[in-house]
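> Turn this into a model:
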Amino acid sequence: MAITIPASITGAAQTGFTTPGYTTVADTPPDVNSKQNAVTALTGTQTGVDVHSVSKPFTITVTRPKVMQALGKPNPVTGLIAKVPQNTYKVLTRKGVLPLAGQPNQMLIIRTEILVPAGSDTADAPNIKAALSAHIGSLSSFSAGFGDTVLNGVL
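Modelled structure (predicted):
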């Protein structure tokens, strides 16, 4: 199944937000190996939050490798593969934010990179899925705390 950025995203909990949600539309991605959506509407209570605009972008981009790497052949003597290449997948969220009243907007960037060793997609698929499940689940589980930490610096 391919990745589809949903038209309706249920936001994770954040202090001060009530049932945050985001409506997205397909946007032009930066290249053919990407999918991108722009946030065009908000649901729930998110006082002070802006939707996508030219001066304050709010986009989510998913990118796959431009060239998929394959696992090389093992050394005929040692049986070891000298270099295992990585296939890198990325999720990028961009949000225009105001650093100080009267100042120009700046870009807040959130990146998740997933480096998958070539060959492991067939040799160890369940553990790849488990790692993704745990990673995404953990981000979701401490979303509100992470939001607070980014604002107050307390870990």
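> so where do the strands sit in the protein?
8-10, 18-27, 34-45, 58-63, 86-97, 106-117 (DSSP state E).
> Can you give me the first-to-last residue distance of stretch 27-34?
End-to-end distance for stretch 27-34: 10 Å, by Cα to Cα, to the nearest Å.
> per-residue confidence averaged over that stretch?
If you average the pLDDT over stretch 27-34, you get 95.
> Is Ala26 bridged to anything, and to what?
Beta-bridge partners recorded for Ala26 (DSSP bridges): Asn37.
> Gly11 versus the most far-flung residue of the chain relative to its centre, what's the distance?
Distance to the chain centre peaks in the chain at Val77, reaching 41.5 Å (criterion: Cα atoms, centre = their mean). According to Cβ to Cβ, to the nearest Å, Val77 and Gly11 sit 55 Å apart. C-betas here are computed from N, CA, C, even on glycine.
> do Pro74 as well
Taking Cβ to Cβ, one finds Pro74 at 46 Å from Gly11.
> And the two? Which one has more around it.
Set Pro74 next to Gly11 and count neighbours by other Cβ atoms under 10 Å: Gly11 wins out with 16 against 11.
> For the more buried one, list the residues it contacts.
By Cβ atoms under 8 Å, 6 or more residues apart in numbering, the residues touching Gly11 are 17, 19-22, 44.
> Give me the phi and psi for it.
With angles defined as degrees, to the nearest 10, Gly11 sits at phi -70, psi 150.
> List the contacts of the longest helix along the chain.
Identified as the longest helix of the chain according to DSSP state H is helix 125-141. Residues outside helix 125-141 that contact it (Cβ under 8 Å, 6+ apart): 12, 112, 114, 116, 120-121, 146.
> Chain neighbours aside, what residue packs nearest to Gly44?
Thr19 (3.8 Å; Cβ to Cβ, 6 or more residues apart in numbering).
> is it true that that neighbour touches Ala13?
No: using Cβ atoms under 8 Å, Thr19 is not in contact with Ala13; the gap is 9.1 Å.
> picking up where we left off before, which of the strands of the chain is buried the deepest?
Mean neighbour count, computed with mean count of other Cβ atoms under 10 Å, is highest for strand 58-63 among these, reaching a mean of 20.
> Show me what the closest residue to Gln86 other than its chain neighbours is bridged to.
Spatial nearest neighbour of Gln86, excluding adjacent residues (Cβ to Cβ, 6+ apart): Leu115 at 4.4 Å. Assessed by DSSP bridges, Leu115 has beta-bridge partners Thr88.
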